[in-house]
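Predicted coordinates and the sequence they were generated for:
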Amino acid sequence: MADKNEEKEQEKEKEFKNNKEQEIISDSENSDKFSDSEKSEIISDLHIHSRFSRATSKNITIENLEKYAKIKGLNLLGTGDFQHPSWFKELEALEERDGLLYTKTNFPFLWQTEISLMYSQDGKGRRIHYVILAPSREVVEQIIKFLSSRGRLDYDGRPIFGFSSIELIDAMQSISKDIEIIPAHAWTPWFGIFGSMSGFDSLKECFQDKAKNIHAIETGMSSDPEMNWKIKELNDKSIISFSDSHSFWPWRIGREATIFTGKLSYENILKQIQENSFKATIETEPAYGKYHFDGHRNCGFSCSPQETSKLKGICPVCKKQLTIGVENRVEKLSNQETYFHPRKKPFYKLLPLHELIALAKASTLASRKTWQVYNSLIEKFQNEFNILLHADKQELARALREDEQLVQLIIDNRIANIKVKPGYDGVYGEAMLKEKQEKLF
């Protein structure tokens, strides 16, 4: 009897995967058949940084963010780092309408920042990052007042505080019920709420009776929605995606995004996050993320969760404990089959266009050769998401002068058919051509 039940579950899982793949392919290949409401997409990246955060491009300006957001195909950006005094001053020059900020050319930004909490709970050191969204300048000023009472704000665009996650919820709720707190890159080992090194095993463990105030989590690059569907506790949460970009370059900004619909307003965006009524998310292949597999960057060693188990978690090079990655952590906390998740949303699994061009041309992301091809495609198809999701194969072939390899990479990317050597311990994953894929996999 147990064997028959297992067979039924496997058949359900297989059917679900097939349906999901068809739904995504249908969305991308039949965009001309969308209804008017579906065409009113707001492709949003609501987790970015200013030039005042550590390890960010010093050329991040509002103008550059707007320019490359349009090239990418984004319709809405987070401001990033709103509590930093210098960045806040620049944001003050923007016009506020419906809870959003608009540039002189009418491009919208949403009040957003990320903070880091470092504290102890249940005898363990915790290091958790949170995205905070806010509905107005007035509310932002109150958030800044609170944060400045707990530490300095001028040394880093993503400041560190010593209070707990529960205290964060209490403080933000006392300022405004319309402030949204989202656990950032939820699975990364060191700073994710479910991270193997300093996170928790559940939202309940972290927030206790305040867990109901968390409406969404951010997947992070090393996981995708399907991985998160394995966690029963997330059945009533939205699973959303943003880039955590530290620059404005199109292979960083918008590499992960959430697609909303309807009116451009904070109220509408907040409602769709809280009610799980957004349209879809854009994800990278999880293996592309910097923490997908287990390993040691300094040792040049990585491995799957199965291999880690055989090694008893010990690096064979340095004999120290391996950094446990996202795939391993998800499997450890998994407590349901993916098809049981009741609030699934479609998602597109895409590598940035620069990655595909660099792969086809044996060049680097920022090389002149890569940029030349990229710019020619943007000139023809307007923005990157049009190319990645909607451009006709024949039109691509004409635009690329019959470059069959690159055309096929774009099409394969659209249906998540490009293998990636998994990233680990801070090292990005590496997309592979077919001949290399066969050797690797």
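Looks like it came in fine. This one's a predicted model, so the numbers in the text were calculated from it and none came from an experiment.

wait, isn't Pro183 in contact with Tyr130?
Yes - in this structure Pro183 lies within contact range of Tyr130 using C-beta atoms under 8 Å: 6.2 Å. Yep, even glycine has a C-beta here, placed from its N, CA and C like the rest.

neighbour-wise, which of these two wins?
More neighbours surround Pro183 than the other of Pro183 and Tyr130, with 27 against 21 (other C-beta atoms under 10 Å).

Mind pulling up the pLDDT for the more buried one?
Looking at Pro183, its pLDDT stands at 98.

Can you pull the phi and psi angles for it?
phi -60, psi 120 (degrees, to the nearest 10).

which stretch of helix or strand covers the residue lying closest to it once chain neighbours are set aside?
Excluding the flanking residues, the one nearest Pro183 by C-beta to C-beta, 6 or more residues apart in numbering is Ile193, at 4.0 Å. In the assignment (DSSP states H and E), Ile193 maps to no helix and no strand.

can you count the residues close to Ile193?
Number of residues near Ile193 (other C-beta under 10 Å) recorded here: 28.

can you pull the contacts of it?
Ile128, Ser165, Pro183, Ala186, Gly199, Phe200, Leu203, Cys206, Ile217 (C-beta atoms under 8 Å, 6 or more residues apart in numbering).

Can I take it that the first one is in a helix?
No - going by DSSP: H, G, I helix; E, B strand; the rest coil, the assignment for Ile128 is strand, not a helix.

In terms of pLDDT, where does Ile418 sit?
In this prediction, Ile418 carries a pLDDT score of 96.

which phi and psi does it have?
When read as degrees, to the nearest 10, the backbone of Ile418 gives phi -120, psi 120.

what does Val420 give?
According to degrees, to the nearest 10, Val420 has phi -130, psi 130.

Do I have it right that it meets Gly289?
No - assessed by C-beta under 8 Å, Val420 is found out of contact with Gly289, at 9.3 Å.

Identify the contacts common to those two.
In contact with both Val420 and Gly289: Gly429, using C-beta under 8 Å, 6+ apart.

Compare these two (neighbour count), which wins?
Ranked by neighbour count (other C-beta under 10 Å), Val420 and Gly289 place Gly289 first, with 30 against 21.

Could you check how far that one is from Met227?
11 Å (C-beta to C-beta, to the nearest Å).

List the buried residues of stretch 328-345.
Buried residues in stretch 328-345, counting neighbours by 16 or more other C-beta atoms under 10 Å, are found at Asn328, Arg329, Val330, Leu333, Thr338, Tyr339, His341, Lys344, Lys345.

who are the neighbours in contact with the third one?
Residues near Val330 by C-beta under 8 Å, 6+ apart: Trp187, Ser223, Met227, Asn228, Lys230, Ile231.

In helices, which of these fall?
Among these, the ones falling in helices (DSSP state H) are Met227, Asn228.

Pull out the buried residues from the contacts of Val330.
Those of these that meet the buried threshold are Trp187, Ser223, Met227, Asn228, Lys230, Ile231, by 16+ other C-beta under 10 Å.

Setting the sequence-adjacent residues aside, check what's closest to the first one.
Okay, so that is Trp187. Spatially, and ignoring its direct neighbours in sequence, Trp187 is nearest to Val326 (4.2 Å; C-beta to C-beta, 6+ apart).

what do you get for the last one?
Computed as C-beta to C-beta, 6+ apart, the closest residue to Ile231 that is not its neighbour in sequence is Leu333, at 6.0 Å.

I figured the one you found hits Leu234, correct?
No - Leu333 lies out of contact with Leu234 (C-beta under 8 Å); the separation is 10.1 Å.

can you list the buried ones among the contacts of Val330 in TSV and add pLDDT and distance to Gln321?
Formatted as TSV, those follow (pLDDT from 0 to 100; distance: C-beta to C-beta, whole Å):
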residue	pLDDT	distance to Gln321
Trp187	98	18
Ser223	98	22
Met227	98	23
Asn228	98	26
Lys230	98	25
Ile231	98	24
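
Tell me which two in those are the farthest apart.
Using C-beta to C-beta, the pair of the buried ones among the contacts of Val330 lying farthest apart is Trp187 and Lys230, separated by 11.5 Å.

Residues touching stretch 197-215, excluding its own?
121-122, 124-128, 165-166, 169-170, 173, 180-183, 189-194, 233, 237-238, 273-274, 323-324, 333.

in the stretch 51-200 of the chain, which segments are predicted with low confidence?
Filtered on pLDDT under 70, the stretch 51-200 of the chain yields no residues whatsoever.

any idea where the strands of it begin and end?
Applying DSSP state E, counting those that start in this stretch to the stretch 51-200 of the chain gives strands spanning 76-78, 95-97, 100-102, 108-110, 112-121, 124-133, 160-161, 180-183.

export the ones you listed to a markdown table and tack on distance to Thr308?
Output for these, formatted as a markdown table (distance: least, C-beta to C-beta, whole Å):
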| stretch | distance to Thr308 |
| --- | --- |
| strand 76-78 | 35 |
| strand 95-97 | 49 |
| strand 100-102 | 45 |
| strand 108-110 | 39 |
| strand 112-121 | 26 |
| strand 124-133 | 21 |
| strand 160-161 | 30 |
| strand 180-183 | 25 |
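
Identify whichever of these lies nearest to Asp392.
Of all those, strand 76-78 sits nearest to Asp392, with 26.8 Å by C-beta to C-beta.

how distant is the closest one from the center of its chain?
Centroid separation for strand 76-78 versus its chain: 13 Å, with C-alpha atoms, centre = their mean, to the nearest Å.

circling back to that earlier point, I'd like to know how many residues surround the residue nearest to Trp187.
Count around Val326 with other C-beta under 10 Å applied: 35.

so what's it up against?
Contacts of Val326 (C-beta under 8 Å, 6+ apart): Trp187, Thr188, Pro189, Gly220, Ser222, Ser223, Met227, Pro286, Gly289, Tyr291, His292.

Show me how this protein divides into domains.
Annotated domains of the chain cover 2-32, 37-287, 352-417 [automatic domain parsing].

Endpoint to endpoint, the last one covers what distance?
Across its full length, domain 352-417 reaches 14 Å end to end, with C-alpha to C-alpha, to the nearest Å as the criterion.

next one: stretch 345-353
End-to-end distance (C-alpha to C-alpha), stretch 345-353: 24 Å.

and that stretch, which residues are buried?
Those would be Lys345, Phe347, Tyr348, Lys349, Leu350, Leu351, Pro352, Leu353, for stretch 345-353 by 16+ other C-beta under 10 Å.

How about stretch 134-144?
Buried residues in stretch 134-144, counting neighbours by 16+ other C-beta under 10 Å, are found at Ala134, Pro135, Ser136, Arg137, Val139, Val140, Gln142, Ile143, Ile144.
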